[in-house]
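A.B. asks: Predicted model follows, preceded by the sequence.
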Amino acid sequence: MRKLWLALIVLFLGIQAEAQINRNSIKKNNKRIGSFRGTANTFGKNKAYSALGISVNALNYYGDLAPKPSRVSTDISFTRPGFGVSFMHRFGPRYTVQAQMMIGTLKGSDAESADQNDLDNGVYRYKRNLSFRNSIKELSVVAILDLFKNDGNYIARVKWTPYVFVGIAGFMHQPKAQAPAVDLNGNALPGAGDWVKLRPLGTEGQYSTLAASDVNSGIKPYSLFQAAIPFGIGARLRLTETIDVWADIGFRYTFTDYLDDVSRNYVDLGVLNSDLARAMSYRTGELKLPSSNHAYVSDRNNQTYTVEPGYGEEHPDNMRGSKADRDIYMVTSIRLSYIIGATYHKAKFR
């Protein structure tokens, strides 16, 4: 009987000890669960992921037809829309590469932008009276550097981060302008008011036979395919587990001065190949300014042309544009991106 009571006491103490161990284990696991944050080590080893994006963009032009002769001068009223699709791949804690296709439009106009009261520059630009629009089709690849580090995969990415980007782009363009109602002799032009492609006209003598002494001697037709360097800053915000919104401002430094078809001097109007080319090269006469015109006889075709002094005539000082600076365009973008193939491993608590 004594042995039986001793066995029961040992059994009871064993049960109590096991219960205490189980309670301690449960408390320990609960503590781990409560402190769980979904960090990098709990969700698999692959921290790289990809995403698709769509963007709405606003484009602005900086060049010879800007309101002022400044690299930062643009006419905000000529902001034009653009649209883009992109593919992004994240390679590490801070680094993403993005490929994007974008279409958009640029626009500029002397008569609408130039300040006629600015005697130093505005009057000259207003009298020049050139204008254009240009359709841009761009393919770019940029490297994006996040300022806030993300050591995890997509599920553990930061709520928001500023970033910077730089890359390379290629684009097609096609500058156009509206044809005036009449040519320089007052004769009606066919297609008046139509948007005319400017490159084939050679408005600065690109398709003309120029003498070695001509101010634009050696000028060649510009290419409609150009390269650019995109760079800028932005910020990305996490909306949901798989959707981000991006907002950035970027500039495209191009390697052409002909987004606007304007770069060098006026040429003798007699060297141009058509009445339309002459009408699109010299447009001051359309303004009907108080008469200060003078006439000259072209020694190329023996025709007489009446122009405003300083415009539409061969002379080293008669600048149509400035070839010293390349054109730039700015792209302001709002983008939504969706992470594709979004999967993650079951969390492991330890």
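C.D. replies: Nice, thanks for sending it over.
A.B. asks: which residues in this protein form helices?
C.D. replies: Along the chain, counting by DSSP state H, helices occupy 2-34, 110-113, 122-128, 275-281.
A.B. asks: Can you spell out which helices and strands pack onto the second one?
C.D. replies: This points to helix 110-113. Helices and strands touching helix 110-113, by 3 or more Cβ pairs under 8 Å, 6 or more residues apart in numbering; DSSP states H and E, are helix 122-128, strand 131-146. The C-beta positions use only the backbone N, C-alpha and C, and glycine is treated the same way.
A.B. asks: let's see 7 Å
C.D. replies: When contacts are defined as 3 or more Cβ pairs under 7 Å, 6 or more residues apart in numbering; DSSP states H and E, helix 110-113 packs onto helix 122-128.
A.B. asks: tell me the contacts of the closest residue to G270 other than its chain neighbours?
C.D. replies: Residue nearest to G270 in three dimensions, not counting chain neighbours: S298, with 2.7 Å by Cβ to Cβ, 6 or more residues apart in numbering. When contacts are counted by Cβ atoms under 7 Å, 6 or more residues apart in numbering, S298 touches 268-270, 305.
A.B. asks: Just the buried ones from those residues, in PyMOL syntax?
C.D. replies: To isolate the buried members of those in PyMOL, using 16 or more other Cβ atoms under 10 Å:
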select buried, resi 268+269+270+305
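A.B. asks: Taking strand 131-146 as reference, get the angle to the strand of greatest length in the chain.
C.D. replies: Ranked by residue count and defined by DSSP state E, the top strand of the chain is strand 160-178. In terms of direction (axes from the mean of the first three to the mean of the last three Cα atoms, to 10 degrees), strand 160-178 departs from strand 131-146 by 160 degrees.
A.B. asks: what lines up beside strand 160-178 in the sheet?
C.D. replies: strand 131-146 (antiparallel), strand 195-197 (antiparallel), strand 225-238 (antiparallel) (DSSP bridges).
A.B. asks: what about this structure, any weak spots by pLDDT?
C.D. replies: By pLDDT under 70, the low-scoring segments of the chain are 1-46, 342-350.
A.B. asks: repeat that for 80
C.D. replies: 1-47, 119-120, 151-153, 291, 341-350 (pLDDT under 80).
A.B. asks: And the strands in the stretch 251-350 of the chain?
C.D. replies: 294-297, 304-307, 328-340 (DSSP state E, counting those that start in this stretch).
A.B. asks: which one of these is the most hemmed in?
C.D. replies: strand 328-340 (a mean of 19; mean count of other Cβ atoms under 10 Å).
A.B. asks: how many other residues sit next to the residue nearest to G341 when sequence neighbours are not counted?
C.D. replies: Closest residue in space to G341, ignoring its immediate chain neighbours: S50 at 6.7 Å, by Cβ to Cβ, 6+ apart. By the criterion of other Cβ atoms under 10 Å, S50 has 16 neighbours.
A.B. asks: List the residues that contact S50.
C.D. replies: Here S50 is in contact with 87-89, 340-341 (criterion: Cβ under 7 Å, 6+ apart).
A.B. asks: Quickly name whichever of the residues you listed is closest to I144.
C.D. replies: M88 (7.8 Å; Cβ to Cβ).
A.B. asks: Can you tell me how far that closest one is from L336?
C.D. replies: For M88, the distance to L336 equals 12 Å [Cβ to Cβ, to the nearest Å].
A.B. asks: likewise S217?
C.D. replies: 52 Å.
A.B. asks: just S213 next, same as before
C.D. replies: For S213, the distance to L336 - Cβ to Cβ - is 58 Å.
A.B. asks: Ok, V97 next?
C.D. replies: 18 Å.
A.B. asks: just N150 next, same as before
C.D. replies: Taken as Cβ to Cβ, the span from N150 to L336 is 19 Å.
A.B. asks: next one: V142
C.D. replies: According to Cβ to Cβ, V142 stands 18 Å off from L336.
A.B. asks: Please apply the same query to T96.
C.D. replies: 15 Å.
A.B. asks: With E286 instead?
C.D. replies: 44 Å.
A.B. asks: Ok, G53 next?
C.D. replies: In terms of Cβ to Cβ, G53 sits 6 Å off from L336.
A.B. asks: can you check M102 too?
C.D. replies: 15 Å.
A.B. asks: Just the CA coordinates for stretch 249-258, please, in PDB.
C.D. replies: Extracted in PDB, the C-alpha atoms of stretch 249-258 (Å, rounded to 0.1, in the frame of the first residue of the first chain):
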ATOM      1  CA  ILE A 249      10.600  64.600 -62.600                       C
ATOM      2  CA  GLY A 250      13.100  63.800 -65.200                       C
ATOM      3  CA  PHE A 251      15.000  65.700 -67.900                       C
ATOM      4  CA  ARG A 252      16.200  64.400 -71.300                       C
ATOM      5  CA  TYR A 253      19.500  65.900 -72.400                       C
ATOM      6  CA  THR A 254      19.500  65.300 -76.100                       C
ATOM      7  CA  PHE A 255      22.300  65.400 -78.700                       C
ATOM      8  CA  THR A 256      20.300  67.400 -81.200                       C
ATOM      9  CA  ASP A 257      19.400  71.100 -81.600                       C
ATOM     10  CA  TYR A 258      16.600  70.400 -84.000                       C
END
